[in-house]
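Trainee: Take a look and give me a structure for this.
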Amino acid sequence: MNFPMVALGEVIKHRNQFIQIDDLENYKRCRVQLHAQGIVLRDIVLGAEIKTKKQQVCRTGEFLVAEIDAKIGGFGIVPSELDGAIVSSHYFLFVTDEIRLDRRFLDFFIRTPYFREQVKAQGSTNYAAIRPSDVLGYKIPLPPLPEQSLIVGRIEELAAKIEEARGLRMKAGEEAKVLFMSSLGTTMESFYNEFQIKAVENLCEQVVDCKHYTPRYCDDGRYPAIRTSEIHFGWIDIKSAKKVDEVDFEHMTNQYKPNRNDVLYAREGNWGNAGIIEVDDPIAISQRVMLFSPDTKQIEPKFLMCVLNSPQVRKLASEKKRGYTAIHINVADAKKFPIPLPPLPEQRRIVAYLDELQAKVDALRRLQADTSAELDALLPTVLDRAFKGEL
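Mentor: Numbers count the residues shown, from 1 in each chain. Got it, this is the predicted structure:
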């Protein structure tokens, strides 16, 4: 069945009240997340730090709408933990008539595509802001209050099942990663007991630590500059790297130009992660990134990467890390990391085995990502059916 449609102005009321900020008091400020993702704490500041002294006070359960960001989902229901938080005049607060409208019903309704489309369509396409009168004019299906409670309960039940499925997928992904690390650790433990051990610097033709230099990243730059944030467990995310121009590239690579099969190690940020360069295109490395160019007569590049990522070396790195604000691994310590050295055929065998195991983990991660996207799409479908009375 379809429910009767009414204007929001019949069940909510704009509350337009302001307070004067006291310079000596602390205030919570909230932030409206885009795409109808709710309202969260922005910060807690002293009144003296707030330039605009007239602010509005949010109350639990009120409908908060951002004047500028509403068309991209900048709205939500004020949660209890943000009761008393302040917002500027660029936000609108609406009180719910709880005799006619369940605030939980409203909370779910504002996440529906139907509501989002109403907001986007309001007013001039050249002017992003909306006014309180716009909000009061939006339409909402309005069954009787008991029916609203039943719908909310059904939505919450289905939403809980969706989150449970998401949690199970995430757990499976984490368990697969734990299994991989366990297998890697067991393999390396036997190698440390059976074979010769050398410092990593003695197994490389080049060991480069990028000197302290801050490049000028630019959108039209040609060359990716790999930072520690791009170095993940066993891989390098070149696509997300910021770019530099020719001048900065030459400055950053005057010691050594990274090549395919060089191993990059993060001394800070994602410290302890090692990845291997698998492209021939020119790239640069930024601060706190170490580069190991393996001597392939002694060690396979992927084997070196695996050892650097192993629980044994990560534990050692954890013991050697320094700093209080920016945790990092000292260059001298990283150069001395002990690496077991089985014969090259054995290294290749282990790399092939670990590659196969990693491929299974990656396949599970892709399945998890696909499932997550499907679950993300499921809730809007549930909401759409709920507000049409089809659940």
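
Trainee: Please give the centre-to-centre distance between the helix or strand harbouring Asp43 and its chain.
Mentor: Secondary structure here is read from DSSP states H and E; on that basis Asp43 sits in strand 39-46. Offset of strand 39-46 from its chain centre (Cα atoms, centre = their mean, to the nearest Å): 20 Å.

Trainee: got the buried residues for that strand?
Mentor: Judged by neighbour count (16 or more other Cβ atoms under 10 Å), strand 39-46 contains these buried residues: Ile39. C-beta here means a position set from N, CA and C on the backbone, and glycine is covered the same way.

Trainee: let's number from 36 now, not from 1
Mentor: All right, first residue 36 from here; so that's strand 74-81.

Trainee: Summarise which helices and strands that strand is packed against.
Mentor: In terms of contacts (3 or more Cβ pairs under 8 Å, 6 or more residues apart in numbering; DSSP states H and E), strand 74-81 is packed against strand 61-67.

Trainee: quick one: the strand it packs on to strand 74-81, angle?
Mentor: With axes from the mean of the first three to the mean of the last three Cα atoms, to 10 degrees defining the directions, strand 61-67 sits at 150 degrees from strand 74-81.

Trainee: now for strand 61-67, which elements pack on it?
Mentor: Contact partners of strand 61-67 among helices and strands, from 3+ Cβ pairs under 8 Å, 6+ apart: strand 74-81, strand 98-101, strand 121-122.

Trainee: And these: which comes nearest Ile364?
Mentor: Counting by Cβ to Cβ, Ile364 lies closest to strand 74-81 out of the helices and strands packed on strand 61-67; the figure is 32.0 Å.

Trainee: So for the nearest residue to Pro373 once chain neighbours are set aside, what's the pLDDT?
Mentor: In space, not counting the residues next to it along the chain, Pro373 is nearest to Ile232; the distance is 4.8 Å by Cβ to Cβ, 6 or more residues apart in numbering. Ile232 carries a pLDDT score of 95 in this model.

Trainee: Name whatever forms a beta bridge with Ile232.
Mentor: Pro375 (DSSP bridges).

Trainee: The nearest residue to Arg139 once chain neighbours are set aside: which element?
Mentor: Nearest residue to Arg139, sequence neighbours excluded (Cβ to Cβ, 6+ apart): Val187, at 4.6 Å. In this structure, Val187 sits in helix 180-229 according to DSSP H and E.

Trainee: Could you do Ser328 as well?
Mentor: Secondary structure assignment for Ser328, by DSSP H and E: strand 324-329.

Trainee: and the residue nearest to Pro373, what is it in contact with?
Mentor: Contacts for Ile232 (Cβ atoms under 8 Å, 6 or more residues apart in numbering) come out as Pro373, Ile374, Pro375, Leu376.

Trainee: For those residues, I'd like a selection string for ChimeraX - just the buried members, please.
Mentor: Filtering the contacts of Ile232 down to the buried ones (16+ other Cβ under 10 Å) takes a single ChimeraX command:
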select :374,375,376
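
Trainee: and which of the contacts of Ile232 is nearest Ser218?
Mentor: Pro375 (15.7 Å).

Trainee: Check the closest one and give its pLDDT.
Mentor: Model confidence at Pro375, expressed as pLDDT, equals 96.

Trainee: cool, Ser407 as well?
Mentor: pLDDT recorded at Ser407 is 58.

Trainee: do the one 4 residues further on as well
Mentor: Reported pLDDT at Asp411 in the predicted model: 62.

Trainee: now do the one 4 residues further on
Mentor: What the model reports for Pro415 is a pLDDT of 66.

Trainee: same thing with the one 5 residues further on?
Mentor: The predicted local distance difference test score for Arg420 is 71.

Trainee: how deep is it tucked in, by neighbour count?
Mentor: For Arg420, the count of nearby residues is 14 (other Cβ atoms under 10 Å).
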